[in-house]
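Enquirer: predicted coordinates and the sequence they were generated for:
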Amino acid sequence: MEKLLTHWEVKKEDIKFALIYPNLYYLGMSNLGFQSIYYELNRRSDTYCDRLFLNDSAQLNEKSFIANFAHNSSVTHHSSLLSSFETQRDLKEFDILGFSISFENDYFNIPKILNLAKIPPKASLRAENYPLVIAGGISISYNPEPLADFVDAFVIGEAEINIHNLLSTYKVWTENHLPKQALLKELAQLDGIYVPSFYDIEYNSDGTVKYIRTKGQGGKKDEAPAKIKASVIENIDDIETSSKILTGNTEFANTYLIEIARGCGRQCRFCVADYARRPPRYRSLQNTIQLAKQAQGHTNRIGLLGAAVSDHPQIDEIAQNLVKLKFRLSCSSLRVETVRPPLLDALAESGQNTITIAPEVATERLQKVINKPVEISQLHYVFEEALKRNISNIKLYFMIGVPSETQTDIEAIVEMVSGLRSIMLPYAKKHKRMGKLACAISPFVPKPHTPFQWSQMEDAKEKLNFLKHHLNQLGSVQMSSTSARLANMEGVLARGDRRLGPVIYDVAINGLTWNKALRKHGIDGNFYTQRERMFNEVLPWSHIDLGVNEEYLQSEYAKSRKAILTSPCQIGVCKKCGACR
C-alpha cells in the first residue's frame with residue numbers, strides 16, 4: 001500500500017515521462033533522490049511522470065516486472081509484464097525514459113529493461129520513433145562512460161533544476177517537429193547534460209585513454225562542450241528533498257525522510273559523496289520543520305538524511321523541535337565528534353535503540369591516510385552515553401583494502417569492536433539483555449573524482465575471511481560484508497570506459513557470466529582495478545567536471561601517502577579545491 005502526500009491535478013500530458021529505478025521497488029522507494037525527481041517532474045503542468053521498477057523474478061530471469069497502480073492515496077499492487085507502475089503503459093508509449101541509477105551493479109538492468117520493452121538497447125540503433133533515453137544519479141555523475149552505448153543523454157550532477165531545462169528544451173523540439181539529432185545538439189549545450197554520441201574516444205596501445213574530444217573539433221563548430229560541468233543546487237532550501245510517497249515496503253517503512261545536508265566537507269579521501277557534492281550545504285532549521293509538518297496526519301516517523309547528519313550546525317535544535325511536534329526521530333550515520341546529548345536525548349525519546357557510526361578504519365595511522373580521524377575515546381563516550389539512554393545497539397561500518405593497509409590495521413578492527421563489546425557488558429548484566437553490535441565490512445573501491453582515483457584495488461578475500469573468523473568468535477557481534485567478487489565488479493564498472501558497453505550488453509541480453517563476457521571482448525578487469533594510475537593519464541571521466549580541480553585531488557593523494565591530515569572545508573572562505581568558485 002502507498003500513501004501519496006502530494007496530489008497533482010489532471011493535466012494535459014504534453015510530455016509522458018517514465019522514471020525507472022533499475023532494481024526492486026523496495027530499493028527504489030527507499031531512495032529519496034528517486035522520489036525527489038518524481039515530484040519535480042509531476043509538479044510541472046506539461047509533464048506526467050509514471051514509475052517502473054524491477055521485481056525479483058525480472059531481475060533474475062527477465063520474466064516479469066512490477067507494474068502497479070499508485071495514483072490514488074491508497075493503492076493495491078498487482079503484477080504485469082513490463083508496464084509502468086501507475087498506468088500500466090508499455091514503455092514505448094512514453095516520450096522519455098529516465099533511469100535513476102545509484103549503484104554500478106544495476107548497470108546490467110538498463111539494456112535488459114530496454115530489450116524487454118522491445119526498444120533497441122543500443123542508442124545508435126534506435127530510430128526516431130523510440131523514446132529519448134536519459135540517465136542520472138550519483139554513479140552516473142562521476143563516470144557515465146560504461147553506459148554510453150545505451151543512453152542518449154546523461155544528467156550530470158544534481159538534477160532537481162537541470163531536469164526542468166531538459167524538459168523545456170524537449171518541449172520546444174517537439175513543437176518544431178525537428179529530427180532527434182537536432183534535439184541532442186540542443187541538449188548538449190545545457191549545463192549538466194552530457195550527450196555521449198558527440199564525443200570521440202581514442203585509446204593508446206597500452207589500453208589507456210589517448211584523448212576524449214568532441215566530434216566538432218577539426219574545423220567544424222563544436223556540437224558539445226569539451227568539459228561537462230555538473231549542475232549544483234546553491235541552496236537546498238529551494239528544493240523539497242523529502243518523501244512524497246509513504247509505503248511500508250521500504251528500508252524506512254512509513255517514515256517521512258528529509259535531506260538536511262548535501263555533501264559533507266570532511267574531505268575523507270575515499271568518499272565520492274563528499275567530492276561529487278561540493279560545496280557542502282545544509283537545510284535551514286525553519287525549512288526542515290516546515291517540511292516535517294507535511295507529514296503530520298500521515299506518519300509520526302521522521303528520518304533525517306545526510307552524509308553526516310550530526311554535522312548539521314543546528315542538528316540539536318532540529319531534533320528537539322521534531323520531538324516537540326510528537327515525531328519519532330531517526331538518523332542516518334553520525335560523526336562521533338559532533339554527537340551531543342540533545343541529539344541522543346531526542347533519539348532516545350523517539351524510541352530509537354540503534355545508532356550508526358562509520359569509523360571506516362581502526363588505527364590512527366590509517367585514519368590519517370584516509371583523512372577520517374576518529375578518537376577512540378570519543379567513540380567510547382558516544383556509545384556509553386547512548387547506553388545510558390537505553391540505546392543499546394550500535395552499527396559500525398568499516399572498509400578494508402585501503403591504500404597502505406597492513407595486517408595490523410585489520411587486527412585493530414577486531415580490537416576496536418571488542419572494546420565496544422566490553423562497554424556493552426555491564427549494561428547487559430544490569431538489564432539482563434545484550435545489545436546488538438553489527439559490523440558491515442566493505443572492500444575499498446577507489447572511486448572517480450576522489451583523491452584515491454589513481455589508487456589500485458586489492459583482492460580483499462583473505463582479509464574478509466580473517467574478520468569473519470575473529471569477529472564471530474567475540475559473541476553478540478553480527479558481521480555482514482560485500483563479497484570481494486562483487487566489489488571487484490563494482491570497481492571495474494566504476495573506473496571503466498566505453499569498452500565495457502559490449503560486456504554489459506552480453507551479460508544483460510545474452511546471459512553470459514561477467515567473466516565470460518570480459519574474456520569474449522578481450523578485456524582484463526584487473527586493468528581497471530589493480531593498477532596504480534599515473535597523474536598524467538587521461539582518465540575515462542576526465543571530461544566530467546564535478547567542481548573539484550585535479551591539482552587539488554593530486555595534492556590530497558600525495559598527503560595520503562605521507563599520512564597527513566587535511567582540515568574540513570571552510571565554506572565560502574577556502575577556495576583551494578575549486579568548488580567554491
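Expert: Good, I have the coordinates.
Enquirer: quick check: domain ranges of the chain?
Expert: 2-229, 255-495+548-561 (automatic domain parsing).
Enquirer: the longest strand seen in the chain packs against which elements?
Expert: In the chain, assigned by DSSP state E, the strand with the most residues is strand 15-24. When contacts are defined as 3 or more CB pairs under 8 Å, 6 or more residues apart in numbering; DSSP states H and E, strand 15-24 sits against helix 32-42, strand 47-54, helix 56-61, strand 96-100, helix 109-116, helix 159-176. Just so you know, the C-beta spots here come from the backbone N, C-alpha and C atoms, and that holds for glycine as well.
Enquirer: how about I394, what does it touch?
Expert: Contacts for I394 (CB atoms under 8 Å, 6 or more residues apart in numbering) come out as 354-357, 383, 386, 420, 435-438.
Enquirer: ok, now with 6 Å
Expert: By CB atoms under 6 Å, 6 or more residues apart in numbering, the residues touching I394 are 355, 383, 437.
Enquirer: so of the residues you listed, which ones are in helices?
Expert: F383 (DSSP state H).
Enquirer: and K326, how many neighbours?
Expert: Neighbour count for K326, taken as other CB atoms under 10 Å: 9.
Enquirer: that one in helix, strand or coil?
Expert: coil (DSSP: H, G, I helix; E, B strand; the rest coil).
Enquirer: what of S542?
Expert: Secondary structure of S542, per three-state DSSP, is coil.
Enquirer: name the nearest residue to it, sequence neighbours excluded.
Expert: I212 (6.1 Å; CB to CB, 6 or more residues apart in numbering).
Enquirer: in the stretch 351-500 of the chain, which spans are helices?
Expert: Taking DSSP state H, counting those that start in this stretch as the test, the helices found in the stretch 351-500 of the chain are 364-370, 376-388, 407-431, 461-474, 484-495.
Enquirer: where does the stretch 101-250 of the chain have low pLDDT?
Expert: 217-222 (pLDDT under 70).
Enquirer: try 90
Expert: Applying pLDDT under 90 to the stretch 101-250 of the chain flags the ranges 215-223.
Enquirer: repeat that for the stretch 351-500 of the chain.
Expert: In the stretch 351-500 of the chain (pLDDT under 90), the answer is 431-433, 475-476.
Enquirer: and with 70 instead?
Expert: For the stretch 351-500 of the chain (pLDDT under 70), the answer is none.
Enquirer: burial measure for the closest residue to F34 other than its chain neighbours, as a count.
Expert: Closest residue to F34 apart from its sequence neighbours, by CB to CB, 6+ apart: S100 at 4.8 Å. By the criterion of other CB under 10 Å, S100 has 26 neighbours.
Enquirer: list the contacts for S100?
Expert: With CB under 6 Å, 6+ apart, S100 has these contacts: 21, 34, 137.
Enquirer: dump those residues into CSV; add distance to I233 as well.
Expert: Shown next, in CSV, are the contacts of S100 (distance: CB to CB, whole Å):
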residue, distance to I233
Y21, 21
F34, 17
G137, 15
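Enquirer: now, among those, which is nearest to W173?
Expert: Distance to W173 across those (CB to CB) is lowest for G137, with 24.0 Å.
Enquirer: distance of that closest one from S330?
Expert: Note on G137: its distance to S330, by CB to CB, to the nearest Å, is 24 Å.
Enquirer: same deal with L285?
Expert: 18 Å.
Enquirer: these two: which has the busier surroundings?
Expert: Using other CB under 10 Å as the criterion, L285 and S330 rank with S330 on top: 21 against 16.
Enquirer: now the helix or strand that contains A346: buried residues?
Expert: Using DSSP states H and E, A346 sits in helix 341-349. Across helix 341-349, burial judged by 16 or more other CB atoms under 10 Å covers 343-348.
Enquirer: which positions are bridged to G303 in the beta structure?
Expert: Counting by DSSP bridges, G303 is bridged to L257, S330.
Enquirer: format the helices and strands packed on strand 15-24 as TSV; extra columns: distance to E532.
Expert: Converted to TSV, the helices and strands packed on strand 15-24 look like this (distance: least, CB to CB, whole Å):
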stretch	distance to E532
helix 32-42	33
strand 47-54	37
helix 56-61	35
strand 96-100	32
helix 109-116	30
helix 159-176	33
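Enquirer: closest to E223 out of the ones you listed?
Expert: E223 sits nearest to helix 159-176 of all the helices and strands packed on strand 15-24, at 14.5 Å, using CB to CB.
Enquirer: from the contacts of S100, pick the one nearest P120.
Expert: Using CB to CB, those come closest to P120 at Y21, 21.5 Å.
Enquirer: look up the closest residue to that closest one, ignoring the ones flanking it.
Expert: Of all residues not flanking Y21 in the chain, G28 sits nearest, at 3.1 Å (CB to CB, 6+ apart).
Enquirer: what's the neighbour count on that neighbour?
Expert: For G28, using other CB under 10 Å, the count is 24.
Enquirer: over to the one 3 residues further on?
Expert: With neighbours defined by other CB under 10 Å, the count for N31 comes to 18.
Enquirer: and it, what pLDDT?
Expert: The score at N31 is 95. That number is its pLDDT.
Enquirer: just the contacts of S100 now: which is nearest I370?
Expert: When those are compared against I370 (criterion: CB to CB), the nearest one is G137, at 24.5 Å.
Enquirer: mind checking how far the residue lying closest to that closest one once chain neighbours are set aside is from F108?
Expert: Nearest non-adjacent residue to G137, counting by CB to CB, 6+ apart: I101, 3.9 Å away. Per CB to CB, I101 is found 11 Å from F108.
Enquirer: then R43?
Expert: 32 Å.
Enquirer: go on, I423?
Expert: Counting by CB to CB - I423 and F108 are separated by 43 Å.
Enquirer: check A135 too.
Expert: According to CB to CB, A135 and F108 sit 14 Å apart.
Enquirer: also I258?
Expert: I258 sits at a distance of 32 Å from F108 (criterion: CB to CB).
Enquirer: who has more neighbours, these two?
Expert: I258 (25 against 22).
Enquirer: select from the contacts of S100 the one having the most neighbours.
Expert: Neighbour counts for the contacts of S100 peak at Y21, which has 26 neighbours (criterion: other CB under 10 Å).
Enquirer: so that one makes contact with Q35?
Expert: No: between Y21 and Q35 there is no contact under CB atoms under 6 Å: 10.1 Å.
Enquirer: hang on, the earlier thing: nearest to G157, of the helices of the stretch 351-500 of the chain?
Expert: Of all these, helix 484-495 sits nearest to G157, with 17.3 Å by CB to CB.
Enquirer: contacts for the closest one next, please.
Expert: 104, 107, 146, 443, 445, 447, 457, 459-461, 514, 525, 528-529.
Enquirer: so which of those residues are in strands?
Expert: Among the contacts of helix 484-495, the residues falling in strands (DSSP E) are P443.
Enquirer: kindly indicate which of the contacts of helix 484-495 lies nearest V548.
Expert: Once CB to CB is applied, the member of those that ends up nearest V548 is K447, at 12.6 Å.
Enquirer: show me what contacts the closest one?
Expert: Going by CB under 6 Å, 6+ apart, K447 touches 272, 494.
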